[in-house]
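> I need the structure of the sequence given here:
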Amino acid sequence: MVRLLRPFGRAVTYTRLLHLFIAVVWPALWLFIKEAWWTWPVAALALAPAALVPAMRTVEGLQARLLLTGHRHDSESVGIVVAPSASWSDRGRLVVWLEARLLLGYATSMLVVQLLISTVDLVASAFGQDVDEGALVLLDGQRWWHILLAPVTLAALAATVLGAGRLVTALALRLLGPSPADRVAALEERTEQLLERTRIARELHDSIGHALTVAVVQAGAARAAGDPAFTDRALGAIEETGRAALEDLERVLGILRESGRPVSGRPTLTESDRLLESARASGAKVDAEVTGPLDTVPGPVSREGYRILQESLTNVLRHAGGVPVRVRLEVTHEALALEVRNPLTADVPGPGRGSGLRGIRERAALLGGRAQTGPDQGDWQVHVELPLR
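As a prediction, the model looks like this:
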């Protein structure tokens, strides 16, 4: 018994009934002013042009979210779309929805009113009062046992309220739910979010990994050297690299805190001197050759190129230490070529090991380029080509 009565303790049961009553308010007012049988057919025909207005789906979607589901109108977990109609399919489904809501609202309101009147008439008849004709239950005079029928009409009223509410909610989910185009757009948005999270993870890996590698190498070299002047230079390099890493970390955390905030301020290849100097300060003998104007490289290519160069130098310091490194950057009209080479050491990562090398290949593939990493003629090489268009 308690389980049967539980739905009547929820506000959504009554807001669904209100949603149905709202659908018939304006035709009912029109019928009150102009009593004619054709009032309801004309009202139904008038809804079709209204459904062709794109913003009408937003209005109906907001009403349905708020009154039918019991969720906030801005909740994203409800399967009801509030975006304007974008296709004729959306408009067609909205026409069906408006007509069905009007028909169901009319039938529900009439049945609810008649059942309420019948319940009152049964009670009044049982207590010896005269009742008017026209209710659903036909009474033959005044009988005390008429009151025994009142629970039946009340049960029918409850079933009508619950059934109509669930039916209109199911219709809303079907007719106001996402279309195939909406689902594709949602999947694309979700994919963009996942790609952005992956990119942020790479940013943290490259920036923090580079800073920690430089700090470890510099601290080890300073301790081994035993030279106060060299120790001062090492501490300065650690401080500068750590400060840059903290700036990157703060920027990335800001992006995570404000999901709608555009990515800006990421370093580009025009700031590659900072990476080269950091590697030199860590003991690597870097020989850099830059051909072509780096400032003409498009932003996405330049930013990803910076991260690829950063990860390449980090790998050199992590696996080879202070060895000669040859860096070549070449900008042409069609592509950016980036190459980092250093002598092979005993600690050689395999082609599939390490998230850094995998990140380099993924970055290049994302921009339509290609990346080669591995041994080459006695050296370890990272060779990347990124198209500029």
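> work out for me the element the closest residue in space to Asn315 that isn't next to it in sequence sits within.
Spatial nearest neighbour of Asn315, excluding adjacent residues (CB to CB, 6 or more residues apart in numbering): Gly356 at 5.9 Å. All C-beta atoms are positioned from the backbone trio N, CA, C, and that covers glycine. Secondary structure assignment for Gly356, by DSSP states H and E: helix 355-366.
> what's the average pLDDT for the helix or strand following that helix?
Per DSSP H and E, the first helix or strand lying C-terminal to helix 355-366 is strand 370-376. Averaged over strand 370-376, pLDDT sits at 89.
> using PDB, write out every CA atom in strand 370-376.
The C-alpha trace of strand 370-376 is given here as PDB (Å, rounded to 0.1, in the frame of the first residue of the first chain):
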ATOM      1  CA  ARG A 370      55.000  12.000 -39.300                       C
ATOM      2  CA  ALA A 371      57.700  11.200 -36.700                       C
ATOM      3  CA  GLN A 372      60.600   8.800 -36.700                       C
ATOM      4  CA  THR A 373      62.300   7.900 -33.400                       C
ATOM      5  CA  GLY A 374      65.100   5.400 -32.900                       C
ATOM      6  CA  PRO A 375      68.700   4.500 -33.700                       C
ATOM      7  CA  ASP A 376      70.200   5.800 -37.000                       C
END
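> helices or strands up against it?
Using 3 or more CB pairs under 8 Å, 6 or more residues apart in numbering; DSSP states H and E as the contact test, the elements touching strand 370-376 are helix 355-366, strand 379-387.
> what does the shortest one contact?
When contacts are taken as CB atoms under 8 Å, 6 or more residues apart in numbering, the neighbours of strand 379-387 outside the stretch itself are 301, 304-305, 308, 312, 315-316, 319-320, 334-345, 348, 360, 364, 367-376.
> domains for the protein, by residue range?
As recorded under automatic domain parsing, the domains making up the chain are 2-178, 184-387.
> in what helix or strand does Val123 lie?
Val123 belongs to helix 88-126 when assigned by DSSP H and E.
> now the element after that helix, going C-ward?
Per DSSP H and E, helix 88-126 leads on to helix 150-175 as the next helix or strand towards the C-terminus.
> hang on, the earlier thing: what are the buried residues along the helix holding Val123?
Neighbour counts over helix 88-126 (16 or more other CB atoms under 10 Å) mark 90-91, 93-95, 97-98, 100-102, 104-106, 108-109, 111-112, 114-115, 117-119, 121-126 as buried.
> and that helix with helix 150-175, angle?
170 degrees (axes from the mean of the first three to the mean of the last three CA atoms, to 10 degrees).
> which elements pack onto helix 88-126?
The contact analysis (3+ CB pairs under 8 Å, 6+ apart) places helix 88-126 against helix 11-23, helix 25-33, helix 39-51, helix 55-68, helix 150-175.
> which other helices and strands contact the third one?
So the one you mean is helix 39-51. Counting contacts by 3+ CB pairs under 8 Å, 6+ apart, helix 39-51 packs against helix 25-33, helix 88-126.
> just the CA trace of it, in CSV.
Written as CSV, here are the backbone C-alpha positions of helix 39-51 (Å, rounded to 0.1, in the frame of the first residue of the first chain):
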residue,chain,number,x,y,z
THR,A,39,-12.7,25.3,-31.5
TRP,A,40,-10.5,22.3,-30.8
PRO,A,41,-9.7,21.3,-34.4
VAL,A,42,-8.8,24.9,-35.1
ALA,A,43,-6.5,25.0,-32.1
ALA,A,44,-4.8,21.8,-33.3
LEU,A,45,-4.2,23.3,-36.7
ALA,A,46,-2.8,26.5,-35.2
LEU,A,47,-0.1,24.5,-33.5
ALA,A,48,1.5,23.3,-36.7
PRO,A,49,2.9,26.7,-37.9
ALA,A,50,4.1,27.4,-34.4
ALA,A,51,6.2,24.3,-34.5
